[in-house]
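Chemist: Dropping the sequence and predicted coords here.
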Amino acid sequence: MDRYQEENRREINITEDERGLILRESSFDPTHIFECGQCFNFYIEDDGSYTAVFMGKIINVLKLEDGLSLIRNVSLCDFYDIFYDYFDLGTDYEKIKEKVAIDPIMQKATAYGRGIRILNQELFETTISFIISANNQIPRIKKAVRILSERYGKYIGDYNNRSYYSFPRPEDLMNVDPDELREYARVGFRDKRIVQASKMIYEGYLDFSNDKNLASDKLQKKLIDLPGIGPKVADCIMLFAYHKRETFPVDVWIKRVMETLFIKKEVPKKLVDDYARKYFGDLAGYAQQYLFYYGREEKIGK
């Protein structure tokens with residue numbers, strides 16, 4: 001938990017009725033949360049709700065009106081035990097948005113993605129998912145994650161006539177034939193890297209409890225030493241799994257957004273990262289999510 005989470009830890013307004021759990025939270029919109037590029041293990045239902053899998057549980061979230069969201073298929077106890085932290089509900093995002101909205105551009109971006117929350121995700125799934133994400137498109141990443149779960153994960157249960165599986169563990173993937181990953185999950189050149197990274201993680205290369213205390217530059221270097229991980233993928237893992245909210249992942253899209261809205265010229269990725277960290281400080285990760293969603297949806301810089 002970062003210092004902003006510590007400062008803003010607070011109670012939430014959640015009740016239960018015959019439909020499920022009713023969460024009243026103005027800074028909570030399932031579309032904004034799941035469509036801002038931070039995760040891939042979810043399905044969009046016909047009613048516009050989102051079904052996701054986390055820690056062996058299947059959760060469905062539907063945006064209602066007036067800051068309300070309907071949460072189905074989990075008990076109130078499981079919601080507090082598992083999904084309170086998953087959805088980062090201990091952090092007051094209204095205060096975060098006030099701090100991030102330091103200029104007219106960020107005022108627009110935070111208003112546009114007002115319901116974004118950074119998910120606190122499981123380390124191994126995040127690592128493998130973002131290895132797959134390198135030079136890839138979101139629909140293909142989602143499909144690969146789904147196939148990996150179905151072939152190598154464990155069956156959790158059914159929801160809305162669809163079967164769901166847990167994401168595989170390191171021991172499930174470390175001995176898989178890379179050609180099998182390439183054929184069935186369509187992971188391409190990432191096949192051997194997934195197997196190699198899974199083996200290193202199984203053997204203890206990553207230790208969340210210790211690694212989370214590393215300085216960001218040291219943690220990034222450690223992650224880059226894993227097969228298939230470059231600076232951008234390492235930054236995504238740091239932001240979404242290690243809760244390093246000062247991290248600003250730079251992909252092709254966010255690079256164009258930053259160049260168009262802030263820098264006003266084309267520059268190397270490293271300079272985009274340096275600019276963002278200096279400009280946004282400890283809140284760079286939050287700014288990145290608002291800008292990514294705003295920029296992609298509005299096709300800024302395309």
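Modeler: On my side now, so go ahead.
Chemist: how many other residues sit next to residue 124?
Modeler: Burial of residue 124 is recorded as 21 neighbouring residues (other C-beta atoms under 10 Å). To be clear about C-beta, it is placed using only N, CA and C from the backbone, and glycine gets the same treatment.
Chemist: Could you look up the SS state of it?
Modeler: Following DSSP: H, G, I helix; E, B strand; the rest coil, residue 124 is assigned to helix.
Chemist: pretty sure it contacts residue 201?
Modeler: Yes. Here residue 124 reaches residue 201: they are 6.0 Å apart, a contact under C-beta atoms under 8 Å.
Chemist: Which neighbours do the two have in common?
Modeler: With contacts taken as C-beta atoms under 8 Å, 6 or more residues apart in numbering, residue 124 and residue 201 have residue 170 as neighbours in common.
Chemist: Which parts of stretch 214-230 count as buried, going by neighbours?
Modeler: Counting neighbours by 16 or more other C-beta atoms under 10 Å, one finds that the buried residues in stretch 214-230 are 214, 219-220, 223, 226, 228-229.
Chemist: Give me the contact list for it.
Modeler: Under the criterion C-beta under 8 Å, 6+ apart, residues 127, 130-131, 134, 190, 192-194, 196-197, 200-201, 205-206, 211-212, 231, 233-235, 237-238, 242, 244, 246-247 lie in contact with stretch 214-230.
Chemist: one more time with 6 Å, if that's ok
Modeler: Here stretch 214-230 makes contact (C-beta atoms under 6 Å, 6 or more residues apart in numbering) with 131, 190, 193, 196-197, 211, 234, 237-238, 244.
Chemist: Can you tell me the SS state at the nearest residue to residue 12 once chain neighbours are set aside?
Modeler: Counting by C-beta to C-beta, 6 or more residues apart in numbering, residue 12 lies nearest to residue 89, which is 5.2 Å off, once chain neighbours are set aside. Here residue 89 is coil, with the state taken from three-state DSSP.
Chemist: Next: residue 289.
Modeler: Under three-state DSSP, residue 289 comes out as helix.
Chemist: Residue 301 too?
Modeler: Three-state call for residue 301 (three-state DSSP): coil.
Chemist: What segments of this protein are strands?
Modeler: With DSSP state E applied, the chain shows strands at 13-17, 20-24, 42-44, 50-54, 57-63, 68-72, 155-159, 162-165, listed in chain order.
Chemist: Now residue 136: phi and psi?
Modeler: phi -140, psi 170 (degrees, to the nearest 10).
Chemist: picking that back up, will you turn the strands of the chain into a markdown table that also has mean neighbour count, distance to residue 141 and mean pLDDT?
Modeler: Below are the strands of the chain laid out as a markdown table (neighbours: other C-beta atoms under 10 Å; distance: least, C-beta to C-beta, whole Å; pLDDT from 0 to 100):
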| stretch | mean neighbour count | distance to residue 141 | mean pLDDT |
| --- | --- | --- | --- |
| strand 13-17 | 11 | 31 | 95 |
| strand 20-24 | 18 | 28 | 97 |
| strand 42-44 | 17 | 12 | 96 |
| strand 50-54 | 21 | 15 | 97 |
| strand 57-63 | 21 | 20 | 97 |
| strand 68-72 | 19 | 25 | 97 |
| strand 155-159 | 13 | 21 | 97 |
| strand 162-165 | 16 | 17 | 97 |
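Chemist: Reformat those strands into TSV and put distance to residue 273 next to each item.
Modeler: Below are the strands of the chain laid out as TSV (distance: least, C-beta to C-beta, whole Å):
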stretch	distance to residue 273
strand 13-17	37
strand 20-24	34
strand 42-44	28
strand 50-54	29
strand 57-63	32
strand 68-72	33
strand 155-159	37
strand 162-165	35
